[in-house]
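1. I'll drop the sequence and a predicted model, then ask my questions.
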Amino acid sequence: MSTSAEPRVSGIEVRSIDYVPLDERHGKLWHLGPLWFMSNAQIATLAVGLVSITEGGNLVWSLLAIVSGTVIGTFFMAFHSAQGPQLGLPQMIQSRPQFGYVGALLVWLFAYVQYAGFNVFNSSLAADALHTTVHGSVKLWIVVVTVVALVIALVGYDVIHKAERVLTYTFLVIFGIFTVGVLVTLHYPAGSFDIGGFKWTPFLAQFGVVAGYQISWAIYVSDYSRYLPPDVTVRKTFYWTYFGSALGGVWLMVLGALLAAWAGKDFDTIPSINAAGDKVFDGFGAIVLLFSALGLVSVTALNMYGGSLTLISAIDSFKRVRPTLAVRLATIAFTAALSLVGALAATSNFLENFENFLLLVLYLFIPWTAVNLMDYYVVRRGHYAIAEIFNPHGIYGRWGWHGIVSYLVGFAAMVPFFSVGTLYVGPAAKALGGADISLFIGLPVSALLYWWMTRSIDVAAETRVAEAEAEALEQAAHEHREP
């Protein structure tokens, strides 16, 4: 099947957690590049690049921490992307073979909190940008951003892909000019580029937040590749996702570090972007902010879309759900309402809360990504009985103790290495002067423990089940029901 086939479906998307049949697969592989570039190339990402500067690090080491954190964190999320075309399923439902039909609720709860949490930050930032440029009530703009994002999320997969492509082309022009302006017109304090000014704690804090931010995309990626034909290769899917996300992330995080170094203690995300833009020419700061608001609307829609899929998966664990348009509408609306309430009630202490939230995301999803990738690429090597994922009494069981135990042990091993600002600093992190290396603990512990515990899994038998159920799986998908 060609990877450039025209869509066989149109209008509002109906599918959610159900399998995408082969004759509905469509799209071009390169579309993943602009989607993941633009998902990262927005000003919430810019705020991720501030951590080292605000904690006393100098600019050159902050930039190195950003690049290295992006290189490592994006590696994991991009490998998840390759699962979508092969399985035809959204990302989080794929946790059932590792954690069980009911046991997967453990990670789905954390994923849903992430979707809602990011939307609180994104919609608040977008509203501030609109308030600064076109004025009006911040709370009113939060409502407007939420409603527009809800409509985009409801129309679904294809419109999200198209919107991100259009935004990418516009971004390259507007932020290209803005970036040149930042590099040429702004002046940085003495010692900003002093290699000898290395400080271990802010470097690792910046590295950890960046890696966590990139890994946090892992719960999204198959959602936006699952309609692609299965003949796209793992390697090419990985590359388009990796380089799109990494380039978008590095660009905005580096801009954040540059702006924070320039503004110093006076840095405030929206006013500082506005002031830096106006140094290019009067009024350009407003143009940058207006475009940034559009980018934040698009990523808010991504969170509503993913939140809906996660919520439907969770409900399905208790009561089988026929994945209809009505179910999509109800779960997207609930996710939007939850985010709206959070944004309207949010405090103004954005940067500290955002940093802590990112670290929490890192801690929660490091063990999950280790287990999921180990299972897909090493244990089962991409061979799953997809119909059994929707069977509460199927071969994957209700509780996947291999995955649950590996997750919990990996998380517990990380706890002494946590360093979350003033909230908590573990004993190992204290011994390291506040440096956080929990990423390097949780990944190998969870991955290796899961591999060791699953050595007896009969993958060949599961493959035979998959082959026997393949025709019924396609038939159920055409009848728009779970197999």
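-> Yep, it's here.
2. drop to CA atoms for contacts and neighbour counts, all remaining ones
-> Fine.
3. what's the average pLDDT for the helix or strand encompassing F203?
-> For F203, the enclosing helix or strand under DSSP states H and E is helix 200-216. In this model, helix 200-216 carries a mean pLDDT of 86.
4. and if you look at stretch 168-182?
-> Rounded mean pLDDT across stretch 168-182 is 95.
5. could you dump that stretch to PDB, C-alpha only?
-> The C-alpha coordinates for stretch 168-182 follow below in PDB (Å, rounded to 0.1, in the frame of the first residue of the first chain):
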ATOM      1  CA  THR A 168       5.200  25.200  10.500                       C
ATOM      2  CA  TYR A 169       5.700  27.200   7.300                       C
ATOM      3  CA  THR A 170       4.500  30.400   9.000                       C
ATOM      4  CA  PHE A 171       6.700  29.700  12.000                       C
ATOM      5  CA  LEU A 172       9.800  29.500   9.800                       C
ATOM      6  CA  VAL A 173       9.200  33.000   8.500                       C
ATOM      7  CA  ILE A 174       8.200  34.800  11.700                       C
ATOM      8  CA  PHE A 175      10.500  33.000  14.200                       C
ATOM      9  CA  GLY A 176      13.300  33.000  11.700                       C
ATOM     10  CA  ILE A 177      13.200  36.800  11.700                       C
ATOM     11  CA  PHE A 178      12.700  36.900  15.500                       C
ATOM     12  CA  THR A 179      15.600  34.500  16.100                       C
ATOM     13  CA  VAL A 180      18.000  36.600  13.900                       C
ATOM     14  CA  GLY A 181      16.800  39.700  15.900                       C
ATOM     15  CA  VAL A 182      17.500  38.000  19.200                       C
END
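6. quick one: buried residues of that stretch?
-> For stretch 168-182, a neighbour-count test (16 or more other Cα atoms under 10 Å) marks T168, F171, F175, F178, T179, G181, V182 as buried.
7. go on, stretch 398-418?
-> In stretch 398-418, counting by 16+ other Cα under 10 Å, buried: 398-411, 413-418.
8. stretch 270-290 too?
-> Buried residues in stretch 270-290 (16+ other Cα under 10 Å): 270-280, 284-290.
9. which ones among the buried residues of stretch 398-418 lie within strands?
-> Members of the buried residues of stretch 398-418 lying in strands (criterion: DSSP state E): none.
10. all strands of the stretch 351-483 of the chain, in order?
-> For the stretch 351-483 of the chain, the strands defined by DSSP state E, counting those that start in this stretch occupy 419-420, 424-425.
11. who touches D128 in this structure?
-> By Cα atoms under 8 Å, 6 or more residues apart in numbering, the residues touching D128 are V138, I270.
12. whoops, I mixed them up, G69
-> Counting by Cα under 8 Å, 6+ apart, G69 touches Q206, F207, G208, V209, V210, A211.
13. for S317, see how far away the third one is.
-> By that I understand G208. Using Cα to Cα, to the nearest Å, one gets 33 Å for the distance from G208 to S317.
14. equivalent analysis for the second one, please.
-> According to Cα to Cα, F207 stands 36 Å off from S317.
15. these two: who's more crowded?
-> Neighbour count, other Cα atoms under 10 Å: between F207 and S317, F207 has more, with 29 against 20.
16. residues contacting the more buried one?
-> Per Cα under 8 Å, 6+ apart, neighbours of F207: A65, I66, S68, G69.
17. top of those residues by neighbour count?
-> Using other Cα under 10 Å as the neighbour test, the contacts of F207 are led by I66, with 30 neighbours.
18. next, the angle helix 200-216 makes with the host helix or strand of that one.
-> Applying DSSP H and E as the criterion places I66 in helix 59-81. Helix 59-81 and helix 200-216 meet at an angle of 20 degrees, taking axes from the mean of the first three to the mean of the last three Cα atoms, to 10 degrees as the criterion.
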